[in-house]
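Engineer: from the sequence below, what's the structure:
(chains A and B)
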Amino acid sequence: MNAIEIKNLIKIYKGGNTALKGISLTVKQGDFYALLGPNGAGKSTTIGILSSLVNKTSGEVKIFGDDIDTHLEDAKRHIGLVPQEFNFNQFEAVEQILVNQAGYYGLPRKEAWQRAEICLKQLDLWDKRKQQSRTLSGGMKRRLMIARALMHQPKLLILDEPTAGVDIELRRSMWVFLQQLNKEGITIVLTTHYLEEAETLCRNIGIINQGELIENTSMKSLLARIAKETFVLDTSTLPEQLQLGEEFTRIDEHTLEVEVLKDEGLNATFAKLTEQGVQVLSMRNKSNRLEELFVELVQQGSH
Amino acid sequence: MKGQLYFTAFKSILIKEIYRFTRIWVQTLVPPAITMSLYFVIFGNLIGSRIGEMGGVSYMSFIVPGLIMMSVITNSYSNVASSFYSAKFQRNVEELLVAPVPNHIMILGYIGGGVARGLLVGLIVTCISQFFVTLQIHHFFTLVVTVLLTSITFALAGLINAIFAKSFDDISIIPTFVLTPLTYLGGVFYSISMLPDFWQGVSQLNPIVYMINAFRYGFLGVSDVSVWVSLLVICSFIAVFYSVAYYLVNKGIGLRS
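Structural biologist: Next up, the predicted model:
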């Protein structure tokens, strides 16, 4: 069963801006799917259409087999949405927000209160339940939106940049939580600017650029296409005259950058450095490996 | 089954709306009570005692139904206008848009909230009026139906206003420049039979004239226009406003891009 089926999705905004130019993609039930793309690529428009906040111009969208044109209410029931920006009433108490949301999905009041307790405890907000939502910290507000999205126990959770502006510790704990939800059977689709996040969490990936889907593949096969990686080496003081190859770039007297082809390995690199009497103290990736590929793909698509 | 889900959704919106205006009771329930008390004291007691009778009853008795209706109209309107616009502004209207709530239910929920505040304020003003005049009830059914339908009419109007509004200024323009003049010229303080023929004709274009007169008939048994015509006019406005509101929400105007 497919959680999401999108065919030839086109969105042209009133001013004539074409946000989506005929996107087609499928997300399988139980998947953890990343939708990536630069700002303004069409990610949020796609999510907006899936969650009926944006009207599509043409194309077909099905959520767990329910077409949004003919079975909109059924399609909506499957989705829990965590939008990019805070969109709850700032003056309502945390628990009220959750209970009301459950009511919109037809959950009777008594059950809604029970469900709210579960969601608030899961997201570590139980102590804050009586507080007005505006008094919460940024991280708590993000968690509140996740709790709200889970109130009606959706089969598909869509998160639009869920960890934007969240500190590292909280981000990592959210990753664990999302992975747990996915293990429990919830299909998860997320957009993010943190490519490390996509790499850590997601099994499949779609890249949107300028309204077109330029990649739709598994994370494994995408990473397998990375031909070379750039490493930063912290070294002992480098001699003035170094006889290293083109793959090396001297950054300063203690730092080198080296591009290594994936099938060559690092032994040859270290051998050259040892030959020149350079001692490597530590090394790291220059950037996330997916990030390099992402930039490359987006740049190719832009030409 | 679906009916039960829809009813739960309706109830949730209604409870949320009632909770909203009771939480901020100092802003929503107290001001009309104070304003209307001043009207009763100044127009009813001080000036009214010099005017004598109007429509066969004391001036105070004459203006009470109009003032109750005025507060019902203003509060039904402003409750939906400010609540719905605020939901747009804070974007929490998206909570409803992503949920499987049919547009009819969403509209009815907000209308329910507006009617609840309108009627509660109406009841408060009625209670206050008891300190100044002993009210008789001539026709209870007319009274209840008129106040309910009027409240629905203006709650719908408030919703339409909020859908189009792009700033908080936009939700105060209509009440200030349209609603208040129409209410004051709608026969709250005078009988339109006192006006010259031309202005009587013009007044008949004002829908609030019909609402106030039907309501006054319910209390006092006196009216400048036929009660049936009044109810027909109010129902027509409801039909038009509801159709417009439904069309706008369905199209997603001001709500979906």
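Engineer: what does stretch B:159-179 contact?
Structural biologist: Residues from elsewhere that reach stretch B:159-179 (Cβ atoms under 8 Å, 6 or more residues apart in numbering or on different chains): B:73-74, B:77-78, B:80-85, B:88-89, B:107, B:110-111, B:114, B:154, B:157, B:241, B:244-245, B:248-249, B:253-255. C-beta coordinates here come from the backbone N, C-alpha and C atoms, glycine included.
Engineer: of those, just the buried ones, PyMOL syntax please.
Structural biologist: Buried residues among the contacts of stretch B:159-179 (16 or more other Cβ atoms under 10 Å in any protein chain shown), as a PyMOL selection:
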select buried, chain B and resi 73+74+77+78+80+81+82+83+84+85+88+89+107+110+111+114+154+157+241+245+248+249+254+255
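Engineer: mind checking which of the contacts of stretch B:159-179 are in helices?
Structural biologist: B:73-74, B:77-78, B:80-85, B:88-89, B:107, B:110-111, B:114, B:154, B:157, B:241, B:244-245, B:248-249 (DSSP state H).
Engineer: which pLDDT value belongs to B:Tyr190?
Structural biologist: As predicted, B:Tyr190 sits at a pLDDT of 81.
Engineer: check contacts around A:Asp124.
Structural biologist: Contacts of A:Asp124 by Cβ under 8 Å, 6+ apart are A:Arg143.
Engineer: which residues of the stretch 101-250 of chain A fall in helices?
Structural biologist: Using DSSP state H, counting those that start in this stretch, the helices of the stretch 101-250 of chain A run over residues A:109-122, A:138-150, A:168-183, A:195-201, A:219-224.
Engineer: helices or strands up against the last one?
Structural biologist: Here helix A:219-224 is seen to pack against helix A:195-201, strand A:204-209, helix A:289-302 when contacts are counted using 3 or more Cβ pairs under 8 Å, 6 or more residues apart in numbering or on different chains; DSSP states H and E.
Engineer: and the shortest one with helix A:289-302, angle?
Structural biologist: Taking axes from the mean of the first three to the mean of the last three Cα atoms, to 10 degrees, one finds strand A:204-209 and helix A:289-302 inclined to each other by 40 degrees.
Engineer: elements contacting strand A:204-209?
Structural biologist: Short answer (3+ Cβ pairs under 8 Å, 6+ apart): strand A:204-209 packs on strand A:18-28, strand A:32-36, strand A:212-218, helix A:219-224, helix A:289-302.
Engineer: can you list the strands that it pairs with?
Structural biologist: strand A:32-36 (parallel), strand A:212-218 (antiparallel) (DSSP bridges).
Engineer: now do that strand and strand A:18-28, the angle between them.
Structural biologist: Going by the same axes, to 10 degrees, strand A:204-209 makes 170 degrees with strand A:18-28.
Engineer: what mean pLDDT does strand A:204-209 get?
Structural biologist: 90.
Engineer: can you dump the C-alpha atoms of that strand in CSV for me?
Structural biologist: Output in CSV follows, covering the C-alpha atoms of strand A:204-209 (Å, rounded to 0.1, in the frame of the first residue of the first chain):
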residue,chain,number,x,y,z
ASN,A,204,14.2,7.2,0.9
ILE,A,205,14.7,10.6,-0.4
GLY,A,206,13.2,13.0,-3.0
ILE,A,207,14.9,16.2,-4.1
ILE,A,208,12.9,19.0,-5.5
ASN,A,209,14.4,21.9,-7.3
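Engineer: what does it contact?
Structural biologist: By Cβ under 8 Å, 6+ apart, strand A:204-209 touches A:23, A:25, A:27-28, A:31-38, A:41-43, A:46, A:198, A:213-219, A:222, A:294, A:297-298, A:301-302.
Engineer: got the confidence number for A:His303?
Structural biologist: pLDDT for A:His303: 53.
Engineer: which element is A:Val278 on?
Structural biologist: In this structure, A:Val278 sits in neither a helix nor a strand according to DSSP states H and E.
Engineer: and the most far-flung residue of chain A relative to its centre, how far from chain B?
Structural biologist: Distance from the centre of chain A peaks at A:Gln241, with 45.1 Å (Cα atoms, centre = their mean). From A:Gln241 over to chain B the distance is 62 Å, taken as Cβ to the nearest Cβ, to the nearest Å.
Engineer: A:Glu259 versus that residue, what's the distance?
Structural biologist: 21 Å (Cβ to Cβ, to the nearest Å).
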